[in-house]
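In: Turn this into a structure:
(2 chains)
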Amino acid sequence: MGFASTCDEERQARLSLGEWAVDGKPSFFDEMTRDGGLARPPYQRLARWLETAPTELLASRRSQAELLFRRIGITFAVYGDKEATERLIPFDIVPRIISRSEWTKLEAGLVQRVKAINLFLADIYGARDILRAGILPADLVLRNPQFRPEMVGRRIPHGVYVHIAGIDIVRIGESDFYVLEDNARTPSGVSYMLENREVMMRLFSELFALHRVAPVENYADILLATLRSVAPRTSNADPVAVLLTPGIYNSAYYEHSFLADKLGIELVEGRDLFVRDDIVFMRTTEGPKRVDVIYRRIDDDFLDPLAFRPDSALGVPGLLSAYQEGNVTLANAVGTGVADDKAIYTYMPEIIRFYLGEEAILGNVPTYRCREPDTLKYVLAHLGELVVKEVNGSGGYGMLVGPHATRGQIEAFERKLNNDPANFIAQPTLALSTCPTSLESGIAPRHVDLRPFVLTGSQGVTVVPGGLTRVAMTEGSLVVNSSQGGGTKDTWVIDDLPAGSA
Amino acid sequence: MSASQSQTQAQRQGPGPAPDIPERHAPPRHALLSRTADNLFWLARLIERADFLARIIEATQRLAALPQAYGGTGTEWESALVSSGAAEAFHAEQATADEASVIEFLAFSPKNPSSIRSCIELARTNARSVRTALTVEMWDAVNGAWLELKRFEAALGLSQPSRSDRLARFLDFVKETSLRFDGSVYRTMLRNDAYWFSRLGLYIERADNTARILDVKYHVLLPETETIGGSLDYFQWAAILRAVSALTAYHWVYRENIRPWLIADLLILRPEMPLSLRASYNSVVEILDAIAKAYGRQGQAQRQARTALARLANTTIDQVFQTGLHEFITAFIGDNTRLGLAISEQYLV
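Out: Presented below is the predicted three-dimensional model:
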């Protein structure tokens, strides 16, 4: 019985439940203010600015930001919320700041992790060394609902599976960053990272003048280069990339159109594409045009009605066959979901060690595997303190936050866990760090996480400095998912200030 | 390049030899998805149709307010339904066409697929699904119209007087939307095939609308109805001109009192009248030629458009009346619809 995380012993020792859990009187790490009220160095200039900024100024900037977003049309369809199928994600005008030295370490950890994920996927769809070495149970991989037998033994262009990864990071202390979740299928949110920066630059030029903030606006260029770098070897010298969307009713449609626009590629729906002789074409006003790379924002299940769900009207009949023949690149590849499964996640430190011979730079959050009977017993006995997640869930759906749950919700999860324990993992309720957030009542700390976006092309791995900071706008709330009322912040990676310069 | 432009450039660059510009490959032209082109085509049509409906409603309100001695017939609202092509759909639901029911149907009814409301809503749906093909300004115009529509709907259910106030403002807003959309297309879109398909939609729809007004009102334009020293139909004629925003234009072009055959001339044959069939088809042909040139081939759409334009260009208004105004317009509406289909078949599916 114990945590599945296999960080080194010293770290393991520090990961006592008390340090992670929200119990009794919570003490959270605040990223701006140290105990005693002094600002941490990366926040010194911002703290001083916030102290002197009149309340009305912040209020007016908040409403200007809201107006900007609404005009731009950033809306987010929330599933199960028919009244407001288009709702604005709350934006907080106070930037979240990470120093260059903090980022350098984070970045190294992200690159390491995504490299390992790609090697893992190539291995499990290929030689399966890791299973033969007994690093993780074979059935966890081979019987995983996200494992795609169609991919076994197939070579995919340039051997890259996860071209775009979103790794969710939480911070617990001064130098304690942990990976909460890997998103290796179709991670979303990068449009908010880019739009947040645009809006901040328009509204807060005086703050930018006080800091050297690493730019993020080249994300689209890097993504385009990444996509083009992984074109099939049979394609033209000037490969054609498209972005495949489920259409305007998808919750992330705005992001799809935003990205297609920034990349300068066509935003296509399934009906715009067809396959002839295992080559993918799009229907244009000038007739069929070959497509080489598809940045798809559709789940595996819906990609090809001939191969996966026959009732899918979103996909392209014959696409999988063209893909298997190597005539088109899908980004991300088919079958990457097995790598961001929350049960596989618990083995990430071993996976990194196995493929790279390195210790994980970024640790995992300690996680209980409910598939193990003893662990399940413990979890059932402590549901009121734990966060329980479905191994394949995402977006904060189907999740239990013990300390905030009603008796009925807890009982419902008891039944779910007993019915299908392997479908769940549990984690201690995390003491997520807080950041200053501008609210009607003034500046107050709110819990945040961070999703950096990691790009892998044929030439290697790139991370644009920063990422999307999600913030739980409700006091005390630890759920940052936009589908659950969370907001976002601009994330600044700034050059470290010389000591005492503020 | 005009003289003034080259002067400005010379001043900006200053003296000295032009820098060597390395030769580059022509960038590959962007493929335009058929679905995108179709959406742009219909987006322009829907906005133009909303504008037309607003003007029909306004003109009808003026006509319906006339006493019978001035040509009021009591059937103005019925004829507003006919000219907007909504009579059948309307009468499937209700029998009598009075002011309130027709305005509701033409302006706000979600059940009427061609109401102003439906046009704006569908336009926005179209716009959303081709966001990447729109400029920010175009999106703002369409999205702003939709937001305004929502606000307007939220304010409905008010007392009658403030409703009619709001209606007037709403119709103004619809006309402003089309100006804004049209202007943003013209000012901000790249001059490539996406622009051309948007423009094509505009002109096909405009020709259809103008022809429909003429078709409904053709009887008051026939020469024999003219009487000396003013006519009962005077206000009818003025209403037609008003509905196509051409009252002032008429006086500029003809410099005389309103004559029915000159109205027909203005709206059918005058190339300088922007809403005329001739002007619309000048643009249609020009655009289809540009597309054919860019794609390196032409087809049925180009041939049909040129035939229709030749008919408009080689006809006088006397000949139109000799063969029959009604017949002429009916034939035109049919040809225009067939051209729309040909464009669709050739490019949009």
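
In: and the residue in the stretch 51-200 of chain B that chain A sits nearest to, how far is that from A:Arg290?
Out: In the stretch 51-200 of chain B, no residue comes nearer to chain A than B:Arg131, which is 3.8 Å away by CB to the nearest CB. Where you see a C-beta, it was placed from the backbone N, CA and C, and this is true even at glycine. Distance, B:Arg131 to A:Arg290, by CB to CB, to the nearest Å: 25 Å.

In: swap in B:Thr316?
Out: 52 Å.

In: Who has more neighbours out of those two?
Out: Neighbours were counted for B:Thr316 and for A:Arg290 using other CB atoms under 10 Å in any protein chain shown; A:Arg290 has more, 16 against 10.

In: Tell me who's in contact with that one.
Out: Shown in contact with A:Arg290 (CB atoms under 8 Å, 6 or more residues apart in numbering or on different chains): A:235-236, A:240, A:279-281.

In: among the residues you listed, which ones are buried?
Out: Neighbour-count burial (16 or more other CB atoms under 10 Å in any protein chain shown) is assigned, among the contacts of A:Arg290, to A:235, A:240, A:279-281.

In: Give me the local confidence score for the nearest residue to A:Val190 once chain neighbours are set aside.
Out: Leaving aside its sequence neighbours, A:Val190 sits nearest to A:Phe453 (CB to CB, 6 or more residues apart in numbering or on different chains; 5.1 Å). For A:Phe453, the model assigns a pLDDT of 98.

In: Can you give me the buried ones in the lengthiest helix in chain B?
Out: Assignment by DSSP state H gives helix B:34-64 as the longest helix of chain B. Residues B:34-61, B:63-64 are the ones in helix B:34-64 that count as buried (16+ other CB under 10 Å).

In: among those, which are within reach of chain A?
Out: When contact is defined as CB under 8 Å from any CB of the partner chain, these meet chain A at B:34-37.

In: Closest one of these to A:Gly270?
Out: B:Arg35 (10.9 Å; CB to CB).

In: which ones are touching the closest one?
Out: Per CB under 8 Å, 6+ apart, neighbours of B:Arg35: A:269, A:271-272, A:283, B:129-130, B:348.

In: which of the residues you listed lies closest to A:Tyr368?
Out: For the contacts of B:Arg35, the residue nearest A:Tyr368 by CB to CB is A:Glu269; the value is 41.1 Å.

In: I'd like to know how far the closest one sits from B:Thr132.
Out: The value you get for A:Glu269 to B:Thr132, if CB to CB is used, is 12 Å.

In: Could you do A:Lys389 as well?
Out: 35 Å.

In: Between those two, which has more neighbouring residues?
Out: The neighbour count for A:Lys389 versus B:Thr132, taken as other CB under 10 Å, is higher for A:Lys389 (25 against 21).

In: my guess is that one is in a helix, correct?
Out: No. Counting by DSSP: H, G, I helix; E, B strand; the rest coil, one finds A:Lys389 to be strand, located in no helix.

In: Run a quick check on B:Phe181 versus B:Trp139, I expect a contact.
Out: No. Applying CB atoms under 8 Å as the test, B:Phe181 and B:Trp139 come out as separate, 10.0 Å apart.

In: Mind checking which of those two has more residues around it?
Out: Comparing B:Phe181 with B:Trp139 by neighbour count (other CB under 10 Å), the higher total belongs to B:Phe181, at 29 against 22.

In: Report the contact partners of the more buried one.
Out: For B:Phe181, counting by CB under 8 Å, 6+ apart, the contacting residues are B:44, B:47, B:138, B:141-142, B:145.

In: hmm, which two among these are most spread apart?
Out: Across the contacts of B:Phe181, no pair lies farther apart than B:Ala44 and B:Ala145, at 13.5 Å, counting by CB to CB.

In: Below-threshold pLDDT in chain A: ranges please.
Out: Along chain A, segments meeting pLDDT under 70 span A:1-26, A:71-87, A:393-397, A:482-483, A:497-502.

In: Tell me the residue in it that is farthest from the middle.
Out: In chain A, counting by CA atoms, centre = their mean, A:Glu286 sits farthest out from the average C-alpha position, at 38.2 Å.

In: could you list every residue that touches the residue nearest to that one when sequence neighbours are not counted?
Out: Once flanking residues are discounted, A:Glu286 sits nearest to B:Tyr295: 5.2 Å by CB to CB, 6+ apart. B:Tyr295 is in contact with A:285-286, B:193, counting by CB under 8 Å, 6+ apart.

In: same thing but 10 Å
Out: Counting by CB atoms under 10 Å, 6 or more residues apart in numbering or on different chains, B:Tyr295 touches A:284-287, B:29, B:32, B:193, B:346-347.

In: now swap in A:Thr367 and tell me
Out: For A:Thr367, the contact set (CB under 10 Å, 6+ apart) comprises A:3-5, A:180, A:342-343, A:345-348, A:375, A:387, A:389, A:425-428.
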